[in-house]
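*Asks:* Let's see this in three dimensions:
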Amino acid sequence: MSDHAEATYLRDIAIRAARLVEAPLRTAFRSGMDVAYKRDWHDVVTVHDKQGEATIAEFILREVPDSTLVGEEGGHRGSGRVRWYVDPIDGTANFARGFAFWCVSIAAVVDDVPVAGVVLDPVAGHLFAADLDGATCNGRPIRSRARVDEREATLITGYPASRDFERDGRPKALTHFANLAEAFQTLRRPGSAALSISHVAAGWVDAALGLWVNPWDVSAAILILQQAGGRYLPFDLGKVPPGTPAHLCPGYVALGEGADYPTLLSIAGEISLDRSRGERPVPSSTTPVHA
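*Replies:* Below is the predicted model:
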């Protein structure tokens, strides 16, 4: 099987896996549900995350035995050549609260390169998919398009979150946020890295910035964006060695085709450099609050 044929096969497996959990997640959405917490009270998880990942993992490992599955909730399963990154609900806090910006994200990676990816938005009914031959939304080819000037562009970002205040210091983080808000025509904070990047790929927004992402958050969306003609710029933030594959880096800027956004790139670069140097924030005179 050629590389392209294998990528198409793996994309189809990812689509089938995502469809398995689509109806159960849509039914659970906006129903009463209990939440638990992982790192802190900003980091929620539901029983639907765990059940969804188990369903996806069982299907993929049965259909592609030569696989290793890495999921947000269940860790590693298998020891095969094809490495799958699975997030059954990217945007769990939105899902749990009833805010319709969350998705299922599944990526297949071979030799540290994403070759197939699917991002499914069950509420809007959008299925983004990509292999080595292009990217689609609901089966139709997509092409990323961005406003050239950031003054006319829309940026999606989760920065700054509470962890950014802890890491960068509140004054600096809020200054970065203010500069972004002033530089761009519109700034939005809807959550879900996978869905944000997919919206850039579709040309519905112009750019996205993320600074606390994991491989299961972005691996599928990276391929979708790149195959749609957009750019994905990884940032190591001092957490991984230089040259680490993009999907393993904790920070990113996603740009639609044609975007030229110096403020965004300057701020992302400054944050990454500061964190790489291990610089600690200057204590704020104000009492910290959670973002």
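*Asks:* Please parse this structure into its domains.
*Replies:* Listed by automatic domain parsing, the domain ranges of the chain are 3-141, 150-277.
*Asks:* Run a quick neighbour tally on residue 232.
*Replies:* 22 (other C-beta atoms under 10 Å). (C-beta placed from N, C-alpha, C; glycine too.)
*Asks:* Help me confirm that residue 232 is found in a helix?
*Replies:* No. Assessed with DSSP: H, G, I helix; E, B strand; the rest coil, residue 232 is strand; it does not lie in a helix.
*Asks:* Let me see the contact set for it.
*Replies:* By C-beta atoms under 8 Å, 6 or more residues apart in numbering, the contact set of residue 232 is 197, 222, 225, 226, 246, 252, 253, 254, 255.
*Asks:* Spatially, and excluding backbone neighbours, which residue is closest to it.
*Replies:* Closest residue in space to residue 232, ignoring its immediate chain neighbours: residue 222 at 5.0 Å, by C-beta to C-beta, 6 or more residues apart in numbering.
*Asks:* Then residue 209?
*Replies:* Nearest one to residue 209, counting by C-beta to C-beta, 6+ apart, is residue 157 at 4.0 Å.
*Asks:* any idea how far residue 202 is from residue 220?
*Replies:* 14 Å (C-beta to C-beta, to the nearest Å).
*Asks:* Report the set of residues contacting both of those two.
*Replies:* By C-beta under 8 Å, 6+ apart, residue 220 and residue 202 have these common neighbours: residue 128.
*Asks:* quick check, nearest of the contacts of residue 232 to residue 275?
*Replies:* The nearest member of those to residue 275, counting by C-beta to C-beta, is residue 252 at 13.9 Å.
*Asks:* Could you say which of the domains of the chain is packed most deeply?
*Replies:* domain 150-277 (a mean of 21; mean count of other C-beta atoms under 10 Å).
*Asks:* Quote the end-to-end distance of that one.
*Replies:* 29 Å (C-alpha to C-alpha, to the nearest Å).
*Asks:* Quick one: distance of it to the chain centre.
*Replies:* Relative to the mean C-alpha coordinate of its chain, domain 150-277 is positioned 10 Å out (C-alpha atoms, centre = their mean, to the nearest Å).
*Asks:* Could you tell me what pLDDT the model assigned to the closest residue to residue 242 other than its chain neighbours?
*Replies:* Once flanking residues are discounted, residue 242 sits nearest to residue 236: 6.1 Å by C-beta to C-beta, 6+ apart. Reported pLDDT at residue 236 in the predicted model: 95.
*Asks:* Quick check: the gap between the residue nearest to residue 232 and residue 80.
*Replies:* Distance from residue 222 to residue 80, by C-beta to C-beta: 21 Å.
*Asks:* Please apply the same query to residue 130.
*Replies:* Taking C-beta to C-beta as the measure, residue 130 falls 21 Å from residue 80.
*Asks:* and if you look at residue 142?
*Replies:* 30 Å.
*Asks:* Just checking, which helix or strand of the chain averages the lowest pLDDT?
*Replies:* strand 35-37 (a mean of 52; mean pLDDT, DSSP states H and E).
*Asks:* what helices or strands is the longest helix along the chain leaning on?
*Replies:* Determined from DSSP state H, the single longest helix within the chain is helix 3-28. Applying 3 or more C-beta pairs under 8 Å, 6 or more residues apart in numbering; DSSP states H and E, we find helix 3-28 packed against helix 47-63, strand 82-90, strand 103-110, strand 113-121, strand 126-131.
*Asks:* ok and it relative to strand 103-110, angle-wise?
*Replies:* 160 degrees (axes from the mean of the first three to the mean of the last three C-alpha atoms, to 10 degrees).
*Asks:* where do the strands sit along the stretch 151-291 of the chain?
*Replies:* Counting by DSSP state E, counting those that start in this stretch, the segments of the stretch 151-291 of the chain that form strands are 154-157, 186-188, 207-210, 231-235, 251-255.
*Asks:* Nearest to residue 4, out of those?
*Replies:* Proximity to residue 4 (C-beta to C-beta) singles out strand 231-235 among the strands of the stretch 151-291 of the chain, at 20.6 Å.
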